[in-house]
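>>> pasting the sequence and the predicted coordinates here, then a few questions.
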Amino acid sequence: MAVVGREKDILEKVKMIVSHHKQLTKAKGELFNIYSILNLKTKEVRTHSAFIAELLNPKGTHLMGAVFLEAFINLFPENTFVTKNNDTFNIESATVFVEHFVGRIDKNKKTGGRIDIVIQDGNGYTISIENKIDAPDQEFQIERYYNYNKSKNKVVYLTSGEEPLETSSGKLVYDKDFFVISYQTEIINWLETCQTIASDQPILRESIKQYKILIQKITNTLGDKQDKELKSIVIENLEEASLIASKYNLVVKNIRNDFRNKITELLNVEVKGYSISKRNDISKKYASIWFDSEKSNIKQAWFGVETFSGNGHLGGELFIGIYNANSSLNLEKEYVRLNKGWVHHEVLTHDTIKINVTDSVFLKSINTYEKLEAVAKNVVEQIVFFIEEHNHLIEE
């Protein structure tokens with residue numbers, strides 16, 4: 001069989017696995033997900049930290065004691081949470097805090113901040129969890145949390161894929177000074193263990209299952225059976241799979257790049273009074289389009305469109321927003337705030353569906369010049385309307 005023929009055969013097999021996974025998801029009723037419906041899927045504090053912390057809390061409303069916390073600690077190598085005095089973390093006496101304030105940020109001393117989840121036992125030992133589902137690393141962030149309760153503290157970096165930046169971890173040593181776990185692997189495994197533990201508690205069990213399905217959706221993780229089948233195909237065809245992967249990444253990057261370029265081109269025609277520029281390479285987090293003017297630079301407030309990489313806020317959904325670096329804007333009403341910087345935003349849509357350039361269906365919808373032109377024009381109309389509606393906040 002020719003190389004191209006083998007590649008095509010592999011793609012057909014993978015297509016069957018994905019199709020089967022979608023059929024199973026539909027048959028099991030797993031398309032209905034309360035977190036997605038309420039638009040909470042990437043809310044770091046309100047959804048992920050809150051749910052995980054509640055399970056970890058021995059005094060939580062689940063009324064299961066410390067069993068979920070014990071299962072979480074078992075994710076790590078033995079003795080990870082043994083102290084310098086050879087004391088073990090006392091799970092039975094543990095208390096859990098969300099968004100725990102540990103003092104004003106001092107960049108010189110590398111201290112302070114708000115830790116997403118802190119687990120503290122009765123002896124004062126702590127486990128500090130930095131939850132990175134949809135937020136960039138802050139400067140010295142892991143170092144600051146490492147210095148909290150320093151002699152009695154362990155830092156865990158929970159990620160949806162990326163490892164911490166050196167600007168956050170500094171010279172701290174991976175797997176010694178801090179530990180990294182992922183939603184794709186450790187958290188999904190932990191949730192499956194929690195499901196088993198809660199097997200005779202139907203509401204709790206199904207709540208955990210709903211959250212696990214959400215994590216699988218966010219991280220593009222297949223079910224166990226489909227995942228094993230896919231791995232088997234890749235292992236049997238490593239050379240061809242490598243070539244397909246490299247071509248896939250290049251094709252997707254080109255489609256995303258063309259999409260941003262076309263929108264930038266149209267915006268330069270439609271929007272006056274702003275210098276419009278592209279920020280960050282299309283493969284980088286927060287790949288965006290930025291609008292600069294004399295007044296926006298003075299106010300430190302800009303219109304921006306992100307993310308064209310599918311990697312950023314809101315799980316990668318594309319949005320137009322106002323970024324205010326110094327809180328200078330006088331907002332006379334409540335806007336849809338995204339975080340401290342993004343004081344207002346609106347998600348961009350195509351055919352009433354939120355745009356995300358990681359969505360294969362959307363990428364197919366812009367894979368020809370004619371389709372790209374039509375979709376880009378519609379997106380630009382939404383961007384222009386948003387700018388016209390809120391321009392007074394920046395330019396007056």
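Ah, there it is. Predicted model, so just to flag it, every value in this text is computed and none were measured.
>>> distance of residue 363 from residue 308?
From residue 363 across to residue 308, the span is 12 Å (C-beta to C-beta, to the nearest Å). Any C-beta I mention is one placed from the backbone N, CA and C, and that applies to glycine too.
>>> what sits closest to residue 131 if chain neighbours are left out?
residue 116 (4.0 Å; C-beta to C-beta, 6 or more residues apart in numbering).
>>> tell me the pLDDT at residue 72?
pLDDT, residue 72: 95.
>>> what's the following helix or strand after the host helix or strand of it?
Taking DSSP states H and E as the criterion, residue 72 maps to helix 67-73. The element immediately downstream of helix 67-73 (helix or strand, assigned by DSSP H and E) is strand 95-101.
>>> for the longest helix along the chain, name the packing helices and strands.
The longest helix of the chain (DSSP state H) is helix 238-270. Judged by 3 or more C-beta pairs under 8 Å, 6 or more residues apart in numbering; DSSP states H and E, helix 238-270 is in contact with helix 3-27, strand 275-279, strand 288-292, helix 360-365, helix 369-395.
>>> before we move on, back to that, higher neighbour count, residue 363 and residue 308?
For residue 363 versus residue 308, neighbours defined as other C-beta atoms under 10 Å are more numerous around residue 308 (29 against 17).
>>> I figured the more buried one was touching residue 256, is that so?
Yes. With contact defined as C-beta atoms under 8 Å, residue 308 counts as touching residue 256 (5.5 Å).
>>> which neighbours do those two share?
282, 287, 357 (C-beta atoms under 8 Å, 6 or more residues apart in numbering).
>>> state the distance from the last one to residue 366.
Counting by C-beta to C-beta, the separation of residue 357 from residue 366 is 9 Å.
>>> try the first one
Distance check for residue 282 against residue 366: by C-beta to C-beta, it reads 14 Å.
>>> what bits of the stretch 201-350 of the chain have low per-residue confidence?
Counting by pLDDT under 70, the stretch 201-350 of the chain shows low-confidence ranges at 220-246, 332-334.
>>> switch the cut-off to 50
Across the stretch 201-350 of the chain, the ranges flagged by pLDDT under 50 are 222.
>>> just the CA trace of stretch 70-85, in PDB.
Provided in PDB are the C-alpha atoms of stretch 70-85 (Å, rounded to 0.1, in the frame of the first residue of the first chain):
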ATOM      1  CA  GLU A  70      -7.100  10.700  50.300                       C
ATOM      2  CA  ALA A  71      -7.700   9.700  46.700                       C
ATOM      3  CA  PHE A  72      -6.300  13.000  45.500                       C
ATOM      4  CA  ILE A  73      -3.100  12.600  47.600                       C
ATOM      5  CA  ASN A  74      -2.700   9.100  46.200                       C
ATOM      6  CA  LEU A  75      -2.200  10.600  42.800                       C
ATOM      7  CA  PHE A  76       1.200  11.700  43.800                       C
ATOM      8  CA  PRO A  77       4.300   9.600  44.500                       C
ATOM      9  CA  GLU A  78       4.500   8.200  48.000                       C
ATOM     10  CA  ASN A  79       6.000  10.600  50.600                       C
ATOM     11  CA  THR A  80       5.200  13.600  48.500                       C
ATOM     12  CA  PHE A  81       3.400  15.200  51.400                       C
ATOM     13  CA  VAL A  82       5.600  13.900  54.200                       C
ATOM     14  CA  THR A  83       7.100  16.900  56.100                       C
ATOM     15  CA  LYS A  84      10.700  17.600  57.000                       C
ATOM     16  CA  ASN A  85       9.900  16.200  60.400                       C
END
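>>> quick one: contacts of it?
Contacting residues not belonging to stretch 70-85 are listed as 55-56, 88-89, 91, 125, 127, 151-152, 154, 179, 181, 186, 189-190, 193-194, 197 [C-beta under 8 Å, 6+ apart].
>>> let's see that with 6 Å instead.
56, 88, 89, 91, 125, 154, 186, 190, 193 (C-beta atoms under 6 Å, 6 or more residues apart in numbering).
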